[in-house]
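>>> Turn this into a model:
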Amino acid sequence: MIEQSQKVATRQRASYLLWAALPLLGTGYQIAAKNTALILTGHRFDLDLLITALHTPWALAILVFDIAGFLAWMVVLSAYKLSEAFPLSALSYPMVILVSWILFHEPGSPIQVLGGTIIMTGVWLIGRDSEED
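Here you go, the predicted model:
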C-alpha cells in the first residue's frame, strides 16, 4: 500500500514539474524564434532564407522547444482538466515581455507591466476558482 502511494506521489510531482515547465518551454521557444529572426534579417523570402534557417542552431532550438512543449502539454492534459491546465499557458506572456527587456533590450512601458499584472491576476483567479470545485 505504501509503495502505491509513493508511486502516486512521484507521478504527481512529475506532473507538477511538467506543468511548471510549460511556461519556460514557451518562453524558450520565443527566445529561439527571436534569435532566428535576427539571423534571417535581410534575407529575401525565398529558398535562401529556408536554407539559412535550417543551418541556424536557433532554428533547431525552436523545434526542440516545440516538441518538448507538446510532450509536456500532453502529459499535463492527461492528468488535469483542460480548464485547470490552460490558464498556465498565459504565464508565458509576462515572461516573454520580461525576457524581451532583458535579453533583447527592447523598450518596456508601464502599460506592458500593467498588462502582465492583469494576466497574472487572471491566471491566479482562474486557478483559485478551479481549486474550490
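>>> Go through the chain and flag its longest helix.
helix 2-40 (DSSP state H).
>>> gap between that one and the chain center?
Mean-position distance between helix 2-40 and its chain equals 8 Å (Cα atoms, centre = their mean, to the nearest Å).
>>> What's the mean pLDDT across it?
Average pLDDT, helix 2-40: 82.
>>> on contacts alone, who are the packing partners of the helix or strand following it?
Downstream of helix 2-40, the first helix or strand assigned by DSSP states H and E is helix 47-54. Judged by 3 or more Cβ pairs under 8 Å, 6 or more residues apart in numbering; DSSP states H and E, the packing partners of helix 47-54 are helix 2-40. Just so you know, the C-beta spots here come from the backbone N, C-alpha and C atoms, and that holds for glycine as well.
>>> what's the pLDDT at Leu71?
Leu71 is given a pLDDT of 91.
>>> Kindly indicate whether it is helix, strand or coil.
helix (DSSP: H, G, I helix; E, B strand; the rest coil).
>>> Give me the neighbour count for Met120.
14 (other Cβ atoms under 10 Å).
>>> Could you find the closest non-adjacent residue to it?
Among residues not flanking Met120 along the chain, Pro94 sits closest, at 6.0 Å (Cβ to Cβ, 6 or more residues apart in numbering).
>>> give me every residue that touches that neighbour.
115-117, 119-120 (Cβ atoms under 8 Å, 6 or more residues apart in numbering).
>>> 6 Å instead?
The neighbours of Pro94, taking Cβ atoms under 6 Å, 6 or more residues apart in numbering as the test, are 116, 119-120.
>>> Would you format the residues you listed as CSV with pLDDT included?
Shown next, in CSV, are those (pLDDT from 0 to 100):
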residue, pLDDT
Gly116, 82
Ile119, 82
Met120, 81
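>>> In helices only, show me those residues.
By the criterion of DSSP H, membership of those in helices covers 116, 119-120.
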